[in-house]
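> what's the 3D shape of this:
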Amino acid sequence: MTCPRPDGRPVAIAHRAGNDLARLEHATSIGADLAELDVWLRRGRVEVRHAKTVGPLPLLRERWRLSPGWGPRLELDTVIEAAGPDVQLMVDLKSETLALSEGVAAAFDRRPGATYAVTTREWWLLEPFEGRPGVCLIPSAAWPHELAELMPHLGDRFHALSMHITLVEPALMSELAGRDVSTFVWPVNTTADLERVLGAGAAGVNSDNLDLLAQVIANGEAFPNASGQNTT
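Prediction:
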């Protein structure tokens, strides 16, 4: 796997930064290790967005907010080109079909030498990426039952995990570290959350707060490292 491992500081992941090209540029400018983006398969195209479609209607839904869905939509090829070599993309698979996985793999195959990460709560969607060079596989868990299903595969099949902050507790983090599993926690948007998850042993943080990520990148040695020990 090709997962970022910066020396002396946590991995800095810009949450949903790849969903908007201006935000992607900002994440790149602060030196984020990964820029996360959400992808869906629609009519054979890999679209980049967090919002869901509304059945056959030309609308997009973000929780209870509706927005027009009939204009041009951002596609993965465009984001890969915009990211260039300066930031590694972390693609979150949303459509529950292996055709999406195959479409994502094909998009990166059109950029020889590109490295990227793939994450999803539907971790069976990672199968088409296994054994591919330059890909970091990061199954994700938001709820205890999802984590319980993943646990038998962590440290054997998978060596990285994206986990919701509510799942973080010292005993679990210690067990995962013992299995040589790197843990990336989301959402980490405050200094208090940052200190808590890094103190518990997280290898990286996934944040909407790009100012907080910039602080991690510039002054990472001031925070506990992934082993839970302060490096200052």
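> quick one, what contacts Leu89?
When contacts are counted by C-beta atoms under 8 Å, 6 or more residues apart in numbering, Leu89 touches Gly18, Leu34, Ala35, Glu36, Leu37, Val79, Ile80, Ala83, Tyr116, Ala117. For the C-beta atoms, the positions are set from N, CA and C on the backbone; glycine is no exception.
> what subset of these is buried?
Buried by 16 or more other C-beta atoms under 10 Å: Gly18, Leu34, Ala35, Glu36, Leu37, Val79, Ile80, Ala83, Tyr116, Ala117, out of the contacts of Leu89.
> what strand or helix carries Ala148?
If you go by DSSP states H and E, Ala148 is part of helix 144-150.
> and that helix, what does it pack onto?
If you count contacts as 3 or more C-beta pairs under 8 Å, 6 or more residues apart in numbering; DSSP states H and E, helix 144-150 packs onto strand 135-141.
> looks to me like Leu24 is in a helix.
Yes: when DSSP: H, G, I helix; E, B strand; the rest coil is applied, Leu24 is found to be in a helix.
> would you mind measuring from it to Cys3?
Between Leu24 and Cys3 the distance, using C-beta to C-beta, to the nearest Å, works out to 20 Å.
> same check, this time on Val205
Val205 is 14 Å from Cys3, by C-beta to C-beta.
> for His159, same thing?
8 Å.
> need the residues touching each of the two.
Ser182.
> and the two? Which one has more around it.
More neighbours surround Cys3 than the other of His159 and Cys3, with 21 against 17 (other C-beta atoms under 10 Å).
> isn't that one right next to Tyr116, touching?
No: using C-beta atoms under 8 Å, Cys3 makes no contact with Tyr116, being 10.4 Å away.
> hey, what's in contact with both of these two?
Cys136.
> scan this structure for its longest strand.
Across the chain, the longest stretch assigned as strand under DSSP state E is strand 34-42.
> what are the pairing partners of that strand, and which direction each?
Its sheet considered, strand 34-42 pairs with strand 11-14 (parallel), strand 45-48 (antiparallel), strand 88-93 (parallel) by DSSP bridges.
> out of those strands, nearest to Trp186?
strand 11-14 (7.5 Å; C-beta to C-beta).
> would you map the strands across the chain?
Under DSSP E, the chain gives strands at 11-14, 34-42, 45-48, 52-54, 57-62, 65-68, 88-93, 116-120, 135-141, 160-164, 182-186, 204-207.
> other SSEs contacting the longest helix along the chain?
For the chain, the helix with the greatest residue count under DSSP state H is helix 98-109. Under the contact definition 3+ C-beta pairs under 8 Å, 6+ apart, helix 98-109 sits against strand 34-42, strand 45-48, helix 76-83, strand 88-93, strand 116-120.
> same list (these) but as TSV, adding distance to Ser174.
Below are the helices and strands packed on helix 98-109 laid out as TSV (distance: least, C-beta to C-beta, whole Å):
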stretch	distance to Ser174
strand 34-42	24
strand 45-48	36
helix 76-83	35
strand 88-93	25
strand 116-120	23
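> looking at the ones you listed, which is closest to Pro133?
Minimum separation from Pro133 across those (C-beta to C-beta) falls at strand 116-120, 11.1 Å.
> tilt between the closest one and strand 135-141?
Interaxial angle, strand 116-120 versus strand 135-141 (axes from the mean of the first three to the mean of the last three C-alpha atoms, to 10 degrees): 20 degrees.
> and strand 116-120, C-alpha only, in PDB?
Taking Å, rounded to 0.1, in the frame of the first residue of the first chain, the C-alpha atoms of strand 116-120 are listed here in PDB:
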ATOM      1  CA  TYR A 116      -4.200   7.400  -4.300                       C
ATOM      2  CA  ALA A 117      -6.200   6.100  -1.300                       C
ATOM      3  CA  VAL A 118      -9.600   4.400  -1.500                       C
ATOM      4  CA  THR A 119     -12.000   4.300   1.500                       C
ATOM      5  CA  THR A 120     -15.600   3.200   2.000                       C
END
